[in-house]
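A.B. asks: pasting a predicted model and its sequence here:
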Amino acid sequence: MTLRIPPSLHHRRFFLLWLGLMISVAGTQMQVWALFWHIRELTDQPIALGGVGLARILPVIVFSLVGGAVADVANRRKVLYITQSAQVLIAAALAWLTFIGHIDLWHIYLLTALQAVAIAFDQPARQALVPNLVPTRDLPNAFSMTSIAFQTGAIIGPALSGLVIAYSGQAYTYLINAISYLAVILALILMGPVSQQVSMQRPSVSLTSMSEGVRFILEQPIILSSMILDFFATFFSSANTLMPIVARDVLHVGAVAYGWLSAAQSVGAVVAALAISQLSYIRRQGPVFLVSVVVFGVATIAFGAATHFVAAMLALMMVGAADSVSTIIRNTIRQLQTPDYIRGRMTSVNQIFFMGGPQLGEVEAGAAAQLFGAPIAIISGGVGCILAVVWIARKWPQLRSYNGDEPMRAGVPAD
């Protein structure tokens, strides 16, 4: 098969955002995995790692609906200026506290929570902006390329985090992340103004406009079922916070190997996303989505049972590949089936599911590891993920028969 330039990258404004995100995500992922290692250095209690998930999800639950409403009535590009700048300052604060040697767990939890507030406004605006940058026919490809940007950054970031921690020090991981956000800010400057649709009925941030987004989701069984499955799959199979414990106490490896272990999921995800980016169309999207989540659960079980570094790496690569396929399909379903004027609010509701699952899952994984050990916590999570697929497939048969060529909802921009 001859490789070709993905069609979404022919659109200059999307290409700028895509490139900026790849750089920024590398810095963000470096910080995420460095935080886990940092907490493990400060304490050997698994529940402390779960506290990061709690610090992330509470602001998302509180502010996501507001962030979605803002993305539908305010200029999405300007919203991203503010959120990206806020994250620069938060990462710089982490670096400074670490450099001077006065950082405690509560500092990490507080700054993580503040970053989650910024993300609650950033993600709805960013995801809703993508359909404004490419025509409808290129939207599935755009989400495939966005997945590649995120997963490529998620390979580079964790791998570098181990090297930076080992050879330069913890503080530099946070400093590099602060600098990486400037790539997205520069992309926003270069792309220029971006037009978007605004609802003429409720052009304001209010409880009424926020509830409209919730009602829209409840009336769309395909979107709703994909969100619920996303939540439960990531809740049960979220084992990222346990990675330092697995690395040090099960596999008996150091910081550099920990960095590669942390990047393994993204290696598999990039391979899967690259393969999908070469396809002009994905048929039987519902069944493919369901099967990919089952594979996600099975690979999680394999990772929990692994006692050798190579076996753990391979299992995590399969986790990432399966997650990449499901992410691309569910993002395509949601954006194509949602009118532009309400995309921000739809994304904000999705954000509660998308972030709530893994972040609450980190709390659950930390507690389970505290009681039963990390391997049992991971394996039981994989089993729970598979059971969730069975339940969702039975409750929403529409998802089993979804092909992807169903009529598009009115209001979605045409080519």
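C.D. replies: On my side now, so go ahead.
A.B. asks: what's the neighbour count on Val294?
C.D. replies: Val294: 18 surrounding residues under other CB atoms under 10 Å. Every C-beta, even on glycine, is put in place using the N, C-alpha and C of the backbone.
A.B. asks: how about Pro375?
C.D. replies: Neighbour number of Pro375 under other CB under 10 Å is 20.
A.B. asks: pLDDT value on it, please?
C.D. replies: Note for Pro375: predicted pLDDT of 83.
A.B. asks: now it. Nearest residue, chain neighbours left out?
C.D. replies: Spatial nearest neighbour of Pro375, chain neighbours left out: Gly304 (5.0 Å); criterion: CB to CB, 6 or more residues apart in numbering.
A.B. asks: buried stuff in the one helix or strand the one you found maps to?
C.D. replies: Under the criterion of DSSP states H and E, Gly304 resides in helix 285-305. Going by neighbour count (16 or more other CB atoms under 10 Å), the buried part of helix 285-305 is 285-286, 288-290, 292-304.
A.B. asks: what mean pLDDT does it get?
C.D. replies: Helix 285-305 comes out at a mean pLDDT of 88.
A.B. asks: what's the first helix or strand after it?
C.D. replies: With DSSP H and E, the next secondary element past helix 285-305 is helix 309-336.
A.B. asks: picking that back up, just give me how far the helix holding Gly304 sits from the chain centre.
C.D. replies: How far helix 285-305 lies from its chain's middle: 17 Å, per CA atoms, centre = their mean, to the nearest Å.
A.B. asks: mind giving me the packing neighbours of it?
C.D. replies: On a contact count with 3 or more CB pairs under 8 Å, 6 or more residues apart in numbering; DSSP states H and E, helix 285-305 meets helix 221-236, helix 309-336, helix 374-395, helix 397-401.
A.B. asks: so which residues of this protein form strands?
C.D. replies: Using DSSP state E, the chain contains no strands.
A.B. asks: correct me if wrong: Thr146 contacts Phe15.
C.D. replies: No - with contacts counted by CB atoms under 8 Å, Thr146 stays clear of Phe15, the gap being 11.6 Å.
A.B. asks: what about those two, which has more around it?
C.D. replies: Neighbours were counted for Thr146 and for Phe15 using other CB under 10 Å; Thr146 has more, 24 against 19.
A.B. asks: OK, contacts around the more buried one?
C.D. replies: Listed by CB atoms under 8 Å, 6 or more residues apart in numbering, the contact set of Thr146 reads 18, 21, 130, 331.
A.B. asks: cutoff 10 Å now
C.D. replies: By CB atoms under 10 Å, 6 or more residues apart in numbering, the contact set of Thr146 is 8, 14, 17-18, 21-22, 25, 126-127, 130, 273, 327-328, 331.
A.B. asks: which secondary structure element of the chain has the lowest mean pLDDT?
C.D. replies: Every helix and strand of the chain was ranked by mean pLDDT, DSSP states H and E. The lowest is helix 343-372, at a mean of 70.
A.B. asks: in the stretch 101-250 of the chain, which spans are helices?
C.D. replies: Ranges of helices in the stretch 101-250 of the chain, per DSSP state H, counting those that start in this stretch, are 105-129, 139-167, 170-180, 182-191, 207-218, 221-236, 243-245.
A.B. asks: what is the burial count for the nearest residue to Thr83 once chain neighbours are set aside?
C.D. replies: Distance criterion CB to CB, 6+ apart; nearest residue to Thr83, sequence neighbours excluded, is Asp122 at 3.7 Å. By other CB under 10 Å, 22 other residues sit near Asp122.
A.B. asks: and which of the contacts of Thr146 is nearest to Gly254?
C.D. replies: If you rank those by distance to Gly254 using CB to CB, Val25 comes first, at 24.8 Å.
A.B. asks: from what I can see the closest one touches Val184, true?
C.D. replies: Yes - the pair Val25 / Val184 is scored as a contact, 9.3 Å apart, by CB atoms under 10 Å.
A.B. asks: thinking again about what came up before, output the helices and strands packed on helix 285-305 in TSV, with distance to Ile245 appended to each entry.
C.D. replies: Converted to TSV, the helices and strands packed on helix 285-305 look like this (distance: least, CB to CB, whole Å):
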stretch	distance to Ile245
helix 221-236	18
helix 309-336	12
helix 374-395	5
helix 397-401	35
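A.B. asks: tell me which of the ones you listed sits nearest to His38.
C.D. replies: Smallest distance to His38 across the helices and strands packed on helix 285-305 (CB to CB): 18.2 Å, for helix 374-395.
A.B. asks: buried residues of the closest one, list them for me.
C.D. replies: For helix 374-395, using 16+ other CB under 10 Å, the buried residues are 374-375, 377-386, 388-389, 392-393.
A.B. asks: for it, the distance to its chain's centre please.
C.D. replies: For helix 374-395 - counting by CA atoms, centre = their mean - the centre lies 20 Å from the chain centre.
A.B. asks: next, the angle helix 221-236 makes with it.
C.D. replies: Here helix 374-395 runs at an angle of 170 degrees relative to helix 221-236 (axes from the mean of the first three to the mean of the last three CA atoms, to 10 degrees).
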